[in-house]
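S.K.: need a 3D model of the sequence below.
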Amino acid sequence: MAGECFQWLFTIATDFERMNIPDPLAFYEAHKANTGSIYKSFDAFIEKADKASMLTEKQCDKWKQDGNTKFKQKEYEAAIFHYTKALHEAPTAKLQATLMSNRATAFFHLQRYEIALLDCHRATQLDGSYKKAYYRRGCCLKELKLVKQGNADIEHSQAEGDNLREKDETVESLVLELEKAMEKENEWEDAMKKPEVQVHDSVLLKCDDTQGRYLSSKSVIERGTTLLSELPQTCALYREHTYTHCGFCLSRMAALIPSPYNQDEKDNFRKCSHMYCSNRCAKLHWETVGKVECQHVWWLVCPIDFLLASRLYLSQKFSSEYTFDTKIPNDLISKEATTQVLNPPVGYDHCLTFQGFSSEITEGVKVGGGETAVVVLALHCGVIDIIIRYVQDLGEDEIISDGLRQRCCSDLVSLMRSGLSNEIAITKLFSSKASGAMHSFQQSKVAKGVYNVLSMMNHSCVPNCHVSWVNGPYCCTRRVVVRATRPIQKGEQLMISYGPTKWNSRVKSTRIKALKEQYNFTCQCESCSSDDTSDQIYIPEDLQPRFKEANNIFQRGRLAMKEKRPQEAKQAYQQSLDILLEVEGRYQPPHIIAQTYDKIAESCAAQQDFKEALQYCELAVEWLVKVYGTDSMEIASEYDKLAMLAVKVKNKEKAMKYIEKAVPLLEAFYGPKHQGVKELLGWKKSILAANADLEAKRKAAEKDGK
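M.R.: Below is the predicted model of the structure:
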């Protein structure tokens, strides 16, 4: 339903451009007078959406039955997902208890006993008379070696009558420990702790007429140094992640729970926009924006850019444990920068100073264009008044002036426009196990946020800093971390990539075009402003048929892998590679050759031939270094893969070689807590222990021989 309002947005945006009335409030009044039918049909849509947003047993039961079907088919992961969706629709505590108990059973069959126990325990808290939840909790406790407590739960579930089970302190303590362990696994405390903004002593904020505000270095900075750690002013989860990520802290969690705070002023229970990893996150979201957003269905169907802009506007009044009362440290500001540069301090007023698009439609830009239309619909359905009453502390009987409406509408339009070029995509990498021990990774956008200091860092296609998130890169949280990826000299500007880099988008013209379309600036970084033409791909006409043939054969290999015919895939990839290697050296595309070697390795791994997979991966890296250099994130991932394959084939010498190469690079990009770093160092420890054991046995044998 979230995408259905775009039909009205398109019509209104077109009329706004035609009528040329820049003020949103004045445009709305004139437009409604001339085209009232548009708003009548929108009213019907909102009414329909409002009914659909109310929690009902009918929709809940549909998802529950889907979960039951998947459970019977032993598709437990799918069953968990459907039970979670049903929980989002459940109108009563008893129904929520049933669904949590069902989900716990699916977790139990996956042998995930800790999380199953948590769901069972929550079910007993929601409905103390629900005997089945106690039985399932008892089974979990027995699997976790608490046999006495488990048997007590099972006996209670089988006893007659509705007597409530007395609290067991051992069980309560275990549940508390499990909750803390999950928070630790998601690095909750590290992600959410104060201060909101932490800046390294070597970072300096500067300002000039050409670049505006930017960050520079006061002194030499070593590779891997954490330069910035920051919570967002606000953020918004993409709706496709509603059932997989917490709506507040953004942590990935299979056992999400609905908000207990979704009751409106008429005692109706409206579907909350998110689900949460814990009651703590649900409460924090409620205290910041939840209690406002639950008042109108618009927040469930509006574009995410309005959701983020309205949350930013509401942040003037956040009454949460996590508010922005921190000023940027004075020693961060250069002497050349006037007090206006960072005045006002970190917070909503600071975000208002962000530069954005100056008009609704910007030539050459492919984002935005309907900001006023979105705000006009929000004004029409009463959302603007809800926002104003909250921020201005106005009662229901107090009159809202047109001046307040006009200012609020204009600010929201401005925030949406500036957001297009200042919002940061909060991402994670997800892995699909392609074959054997080989993994491929893709980036997924989980949320978008507005960051006070990070927004002042400029782009470069050859950045010296890398943006990641606490608990990244395979998970994410709200807190962003910026690290130096190479040594940075005194006075050098600190640069990040907004997306395109010299390595992941090799053609200069493609990068420049992408940045212009998304951010409305022409990149003049070191790579884009140089006369280097090495990125230009030129294939002589007489070679084009050979390249086309190589690509066709390569695609046959991909199809064979998809259909689980790895030997055929390997043969096809090898034929494609042979054609590419026959070409004269200056025309050989290193990134394509590296990809082909990697695909051959993947087909070997699918046949459990990890030794040969290792050899082909090494050949792939030789070519990838020509593309990415030796200190890139891409090469770090390849060294990680090589170390894993070397461990797989028990080649300790090569495993140590690639571990030593991978760890410093991964730490520079993601820090020492990166899961890959932990795994690599674990392998290193095991190898060193095995070597020490062999050496001890050798010395003992020599001693016995003497």
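S.K.: show me where the stretch 201-350 of the chain dips below the pLDDT cut-off.
M.R.: In the prediction, the stretch 201-350 of the chain carries residues with pLDDT under 70 at positions 262-269, 318-346.
S.K.: go on, the stretch 551-700 of the chain?
M.R.: For the stretch 551-700 of the chain, counting by pLDDT under 70, not a single residue falls below.
S.K.: which stretches in it count as helices?
M.R.: 566-582, 590-606, 610-628, 633-648, 652-670, 675-705 (DSSP state H, counting those that start in this stretch).
S.K.: got CSV for the ones you listed, with mean neighbour count and distance to residue 296 too?
M.R.: Quick note: C-beta positions are derived from backbone N, CA and C, even for glycine. Output for those, formatted as CSV (neighbours: other Cβ atoms under 10 Å; distance: least, Cβ to Cβ, whole Å):
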stretch, mean neighbour count, distance to residue 296
helix 566-582, 19, 53
helix 590-606, 23, 49
helix 610-628, 20, 48
helix 633-648, 23, 42
helix 652-670, 20, 40
helix 675-705, 12, 40
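S.K.: out of those helices, nearest to residue 253?
M.R.: For the helices of the stretch 551-700 of the chain, the distance to residue 253 is smallest for helix 675-705, at 16.5 Å, taking Cβ to Cβ.
S.K.: residue 507: how many residues sit nearby?
M.R.: 13 (other Cβ atoms under 10 Å).
S.K.: just residue 175 next, same as before
M.R.: 18.
S.K.: how about the nearest residue to it, chain neighbours excluded?
M.R.: residue 121 (5.0 Å; Cβ to Cβ, 6 or more residues apart in numbering).
S.K.: you'd agree the one you found is in a helix?
M.R.: Yes. Residue 121 sits within a helix when classified using DSSP: H, G, I helix; E, B strand; the rest coil.
S.K.: and of the helices of the stretch 551-700 of the chain, who's closest to residue 89?
M.R.: helix 675-705 (33.9 Å).
S.K.: and the angle for the closest one with helix 652-670?
M.R.: Here the directions of helix 675-705 and helix 652-670 differ by 150 degrees (axes from the mean of the first three to the mean of the last three Cα atoms, to 10 degrees).
S.K.: and helix 675-705, what does it pack onto?
M.R.: helix 633-648, helix 652-670 (3 or more Cβ pairs under 8 Å, 6 or more residues apart in numbering; DSSP states H and E).
S.K.: returning to that earlier point: so who does the residue nearest to residue 175 touch?
M.R.: Listed by Cβ atoms under 8 Å, 6 or more residues apart in numbering, the contact partners of residue 121 are 137, 171, 175.
S.K.: among these, which are in helices?
M.R.: The helices, defined by DSSP state H, take in 137, 171, 175 from those.
S.K.: any chance of those residues in a markdown table, plus pLDDT and distance to residue 81?
M.R.: Shown next, in a markdown table, are the ones in helices among the contacts of residue 121 (pLDDT from 0 to 100; distance: Cβ to Cβ, whole Å):
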| residue | pLDDT | distance to residue 81 |
| --- | --- | --- |
| 137 | 95 | 22 |
| 171 | 91 | 28 |
| 175 | 91 | 24 |
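S.K.: of all these, which comes closest to residue 188?
M.R.: Ranked by distance to residue 188 (Cβ to Cβ), the ones in helices among the contacts of residue 121 are led by residue 175 at 16.4 Å.
S.K.: who are the contact partners of that closest one?
M.R.: Shown in contact with residue 175 (Cβ under 8 Å, 6+ apart): 117, 118, 121.
S.K.: number of nearby residues for the residue nearest to residue 244 when sequence neighbours are not counted?
M.R.: Nearest non-adjacent residue to residue 244, counting by Cβ to Cβ, 6+ apart: residue 252, 6.0 Å away. Look at residue 252: counted by other Cβ under 10 Å, it has 19 neighbours.
S.K.: which residues sit in contact with residue 252?
M.R.: Per Cβ under 8 Å, 6+ apart, neighbours of residue 252: 186, 244, 245, 246, 428, 475, 476.
S.K.: in the sheet, who's paired with the third one?
M.R.: What it means is residue 245. Beta-bridge partners recorded for residue 245 (DSSP bridges): residue 252.
S.K.: any idea how far residue 290 lies from residue 311?
M.R.: Separation of residue 290 from residue 311 (Cβ to Cβ, to the nearest Å): 10 Å.
S.K.: for residue 274, see how far away the residue nearest to residue 244 is.
M.R.: Going from residue 252 to residue 274 by Cβ to Cβ gives 13 Å.
S.K.: over to residue 489?
M.R.: Applying Cβ to Cβ to residue 489 and residue 274 gives a distance of 44 Å.
S.K.: just to be sure, residue 515 is in a strand?
M.R.: No. Residue 515: not assigned to a strand; according to three-state DSSP it is helix.
S.K.: surely it meets residue 523?
M.R.: Yes. With contact defined as Cβ atoms under 8 Å, residue 515 reaches residue 523; the gap is 4.9 Å.
S.K.: can you list residues touching both of those two?
M.R.: Common contact partners of residue 515 and residue 523 (Cβ under 8 Å, 6+ apart): residue 459.
S.K.: burial check on the nearest residue to residue 520 once chain neighbours are set aside, number of neighbours?
M.R.: The shortest distance from residue 520 to any non-neighbouring residue, by Cβ to Cβ, 6+ apart, is to residue 365 (5.0 Å). The number of residues packed near residue 365 is 17, by other Cβ under 10 Å.
S.K.: how much space between residue 68 and residue 257?
M.R.: Between residue 68 and residue 257 the computed distance is 20 Å (Cβ to Cβ).
S.K.: these two: which has the busier surroundings?
M.R.: When neighbours are counted by other Cβ under 10 Å, residue 68 and residue 257 differ, and residue 257 comes out ahead with 23 against 15.
S.K.: OK, contacts around residue 666?
M.R.: When contacts are counted by Cβ under 8 Å, 6+ apart, residue 666 touches 636, 640, 674, 676, 677, 680.
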